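Asks: With the input below, show me the fold.
(one chain, ligands or ions: 1)
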Amino acid sequence: EGKLYLVPTPIGNLEDITIRAKKVLTEADYIAAEDTRTSGILLEKIGVHNKMLSFHKYNSVQRAPELVQMMKDGAVIAEISDAGMPVISDPGYILVQECIKEDVPVVPLPGPSAFATALIASGFDAQPFTYYGFLPRKASEQKPYFEQMNKAKATSIFYEAPHRLSKTLQTLASVLPVERQIVAARELTKIHEEFVRGTIQEVSEYFENNAPRGEFVILVSPNTEAPKQLSWPELIKLVDGLVDQG
Ligand code: SAM
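Replies: Numbering: from 1, shown residues only. You can find the predicted model right below:
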């Protein structure tokens, strides 16, 4: 039976490929890859030799129905992106939608993704969180997102390119109080893995002195404004209400 496997690949450390991912990539009829050259190198390193098809954001609308037809005809396709989970700030969404529409089974494999890897070591509450992917580049277009993060009771997570990091942190500081805690998670799973934790101001200063290099995930702490202090009469009323109900 034809089906689509969504296969995560390492975000840096090659040892993060799972046994199952390797098996699925080896046994599939085709591997649909975002960049066949990049993935070719990865597959070579992990010892997978299989046929590749190209599937990227520029050809995905036209290509998705073709791939779905192949799967309806019985082909098993394993989709990978350049790194991490397909669909997460990467192509794949259209193909998944198309498969669901056409009753082709979609089988996701668990595995590495930069945002979840960063979140669990951030020290911020992981429930709830909001993942934004890449924000728009212009400061004016970023601001509404930062206003949302400012009010959020959830941890906010986004991706940023190293050459845009300083400007983005400046914009962040213009919207949020500069003492709000953030984390910059850099080069996860790689040799230069680093967590820079502190206020927006402290993290910005750090990267003024240490040019940002490599790949980044930025996390903004939840808004933990102290809950409103209740007066005694308000408190008694609240407790009475609870007793009445119980
Ligand atoms: N599909 C990927 C995932 O599941 O995380 C994301 C792909 S997106 C095109 C690439 C961005 O993910 C990078 O610009 C960076 O923000 C983030 N990223 C990927 N690998 C990373 C790593 N090892 N450390 C930190 N951030 C990473």
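Asks: mind listing the strands for the protein?
Replies: 3-6, 30-33, 52-54, 76-80, 106-108, 129-134, 155-160, 181-186, 194-199, 216-220 (DSSP state E).
Asks: what residues are up against residue 231?
Replies: Listed by Cβ atoms under 8 Å, 6 or more residues apart in numbering, the contact set of residue 231 is empty. Any C-beta I mention is one placed from the backbone N, CA and C, and that applies to glycine too.
Asks: So for the ligand, which of the strands of the chain sits nearest?
Replies: Nearest to the ligand among the strands of the chain is strand 155-160; the distance by Cβ to the nearest ligand atom comes to 3.2 Å.
Asks: what does the closest one rub up against?
Replies: 89, 114-115, 118-119, 122, 124-126, 128-135, 145, 148-149, 168, 216-222.
Asks: Check stretch 205-221 too.
Replies: Outside of stretch 205-221, the residues within contact range by Cβ under 8 Å, 6+ apart are 11-12, 114-115, 117-119, 122, 124, 149, 152, 155-163, 165-166, 168-169, 172, 176, 180-188, 190, 192, 196, 198.
Asks: ok, 7 Å please
Replies: By Cβ atoms under 7 Å, 6 or more residues apart in numbering, the surrounding residues in contact with stretch 205-221 are 114-115, 118-119, 122, 124, 149, 155-160, 162, 165-166, 169, 180-187, 192, 196.
Asks: Show me what the one residue in the chain that gets nearest to the ligand is bridged to.
Replies: For the chain, the residue closest to the ligand is residue 84, as judged by Cβ to the nearest ligand atom, at 2.5 Å. Per DSSP bridges, the residues bridged to residue 84 are residue 9.
Asks: From the structure, what's the count of residues near it?
Replies: Number of residues near residue 84 (other Cβ atoms under 10 Å) recorded here: 24.
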